[in-house]
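Undergrad: here's my sequence, what's the structure:
(one chain, ligands or ions: 5)
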Amino acid sequence: YITKDGRYSFNHVVKVIERLDRNRDIKVLVAEDSSTSRLFIKILLEQYRFNVVEAENGQVALAKLEEDPSIRMLITDFNMPLVNGYDLVRMLRYNSRFQDLVIIGLSAEGDNALSAKFIKAGANDFLKKPFYHEEFHCRVIHSLEAQEMLETIRDLANIDPLTKLKNRRSLFEEGEQLLRDNALGLSLAMLDIDHFKKINDTYGHLVGDSLLEAVGREFIEAFPDMLVGRFGGEEFCVVAKVEGQKFQDRLHAFLETLRLKEFTEGKIRLAFSVGICSDKVDTFEELIRMADQNLHEAKRCGRDRIVS
Ligand code: GH3
Ligand code: MG
Ligand code: MG
Ligand code: MG
Ligand code: MG
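TA: Ligands and ions are numbered 1, 2, ... in the order given. Sure, this is the predicted structure:
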């Protein structure tokens, strides 16, 4: 970071400015009963351009976090009325919704067991009051960047980079979980683009890629409430908790809108063959296998159709 003559390097300064710029979009909740301390922490955070919200006790903090899922970080005092900081952290971490919230615990010096308690309950870090401003800033930024990196890595592991849909691995993982959680069963559709090889051969693979990219966007827009994944090359999977006929109607409407769309300058039109399975099954693989059989049947009968 430091150049030979002891100055910050240009790259470092650019990084700091970019960090400050990103912080504007990061909402931080400060839970602290002392209004002086709260104001002080708010000012420190605002120096780093964070968007700060406040809570005067643990109960208010919990309510604010529940109503505003855009809060990314919580800085919480230990001693507060109604719900203390330690219980707040425990309650939050018990709920899967708050797993990605960055939490930093704070308390006045004295109780050495407190930092261990906070960390065990799931806080990312802990600071004793009074603290140096520099240490506060470093810990806040480190915890935040560690969380951001974790989320980046998780996305890289789970999301197909071209279509932005779930990749095959996370499709299976989430599909199996969905099946375990839904005793009434699921509906699954396997969709395969018709004659996609011909599109590649005619227009080139880059045009093929941009079509898959566009198809991914269409899927995300059309089925925000369902599990959608890229099963393989030009094969997609949609998994839903809805009953078979309703599911088929939605897919049908989706394919009709896609059919009318002109993709890219080449005005390419896409058709799909689809196999659906809505039977009660024991494993996710079984559901895929049966939908795949119906997909083959759709291809065999002339393509551009749904078989269920
Ligand atoms: P069918 O109607 O029988 O499904 O014919 P098809 O040509 O779509 O099927 P086939 O399985 O023979 O070919 C699939 C093609 O999809 C071949 C492969 O090059 C192409 N493909 C798979 N993944 C990608 C990708 O990521 N990008 C591009 N551009 N093409 C891909
Ligand atoms: Mg307090
Ligand atoms: Mg295929
Ligand atoms: Mg195909
Ligand atoms: Mg084929």
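
Undergrad: list the contacts for the residue of the chain found nearest ligand 3?
TA: Distance from ligand 3 to each residue of the chain (C-beta to the ion) is smallest for residue 192, at 4.5 Å. (C-beta placed from N, C-alpha, C; glycine too.) In this structure, residue 192 makes contact with 234-236, 272-274, 295, 299, judged by C-beta atoms under 8 Å, 6 or more residues apart in numbering.

Undergrad: adding pLDDT, distance to residue 72 and neighbour count, write these out as JSON lines.
TA: As requested, those are exported to JSON lines (pLDDT from 0 to 100; distance: C-beta to C-beta, whole Å; neighbours: other C-beta atoms under 10 Å):
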{"residue": "234", "pLDDT": "96", "distance to residue 72": "37", "neighbour count": "22"}
{"residue": "235", "pLDDT": "98", "distance to residue 72": "36", "neighbour count": "18"}
{"residue": "236", "pLDDT": "98", "distance to residue 72": "32", "neighbour count": "25"}
{"residue": "272", "pLDDT": "95", "distance to residue 72": "39", "neighbour count": "26"}
{"residue": "273", "pLDDT": "96", "distance to residue 72": "43", "neighbour count": "25"}
{"residue": "274", "pLDDT": "96", "distance to residue 72": "39", "neighbour count": "24"}
{"residue": "295", "pLDDT": "97", "distance to residue 72": "41", "neighbour count": "24"}
{"residue": "299", "pLDDT": "96", "distance to residue 72": "46", "neighbour count": "16"}
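
Undergrad: and those residues, which is closest to ligand 1?
TA: Checking the contacts of residue 192 against ligand 1 by C-beta to the nearest ligand atom gives residue 234 as the nearest, at 4.4 Å.

Undergrad: who's in contact with that closest one?
TA: Residues near residue 234 by C-beta under 8 Å, 6+ apart: 192-193, 196, 212.

Undergrad: helix or strand for the nearest residue to residue 165 once chain neighbours are set aside, which one?
TA: If you skip the residues right next to it in sequence, residue 165 has residue 230 as its closest partner in space, 4.7 Å away by C-beta to C-beta, 6 or more residues apart in numbering. For residue 230, the host element (DSSP states H and E) is strand 227-232.

Undergrad: which positions in the stretch 201-308 of the chain make contact with ligand 3?
TA: Contact residues, the stretch 201-308 of the chain versus ligand 3 (C-beta under 5 Å from the ion): residue 235.

Undergrad: so which bits of the stretch 201-308 of the chain are right by ligand 1?
TA: 205, 208-209, 212, 233-234, 299, 303 (C-beta under 6 Å from any ligand atom).

Undergrad: can I get the residues you listed in a markdown table including distance to ligand 4 and secondary structure?
TA: Converted to a markdown table, these look like this (distance: C-beta to the ion, whole Å; DSSP: H, G, I helix; E, B strand; the rest coil):
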| residue | distance to ligand 4 | secondary structure |
| --- | --- | --- |
| 205 | 15 | helix |
| 208 | 11 | helix |
| 209 | 15 | helix |
| 212 | 11 | helix |
| 233 | 8 | coil |
| 234 | 5 | coil |
| 299 | 8 | helix |
| 303 | 9 | coil |
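
Undergrad: name the member of those with the most neighbours.
TA: Of all these, the highest neighbour tally under other C-beta atoms under 10 Å goes to residue 234, namely 22 neighbours.

Undergrad: what's around residue 10, how many residues?
TA: A total of 9 residues lie near residue 10 under the criterion other C-beta under 10 Å.

Undergrad: about what we covered before: please read off the pLDDT at the residue of the chain closest to ligand 3 from the model.
TA: Turning to residue 192, the model gives it a pLDDT of 97.

Undergrad: and it, what element?
TA: Assigning secondary structure by DSSP H and E places residue 192 in strand 187-193.

Undergrad: the helix or strand where residue 258 lies - contacts with which helices or strands?
TA: When elements are defined using DSSP H and E, residue 258 is found to belong to helix 244-260. For helix 244-260, the packing partners by 3 or more C-beta pairs under 8 Å, 6 or more residues apart in numbering; DSSP states H and E come out as strand 187-193, helix 205-222, strand 235-240, strand 272-277, strand 306-307.
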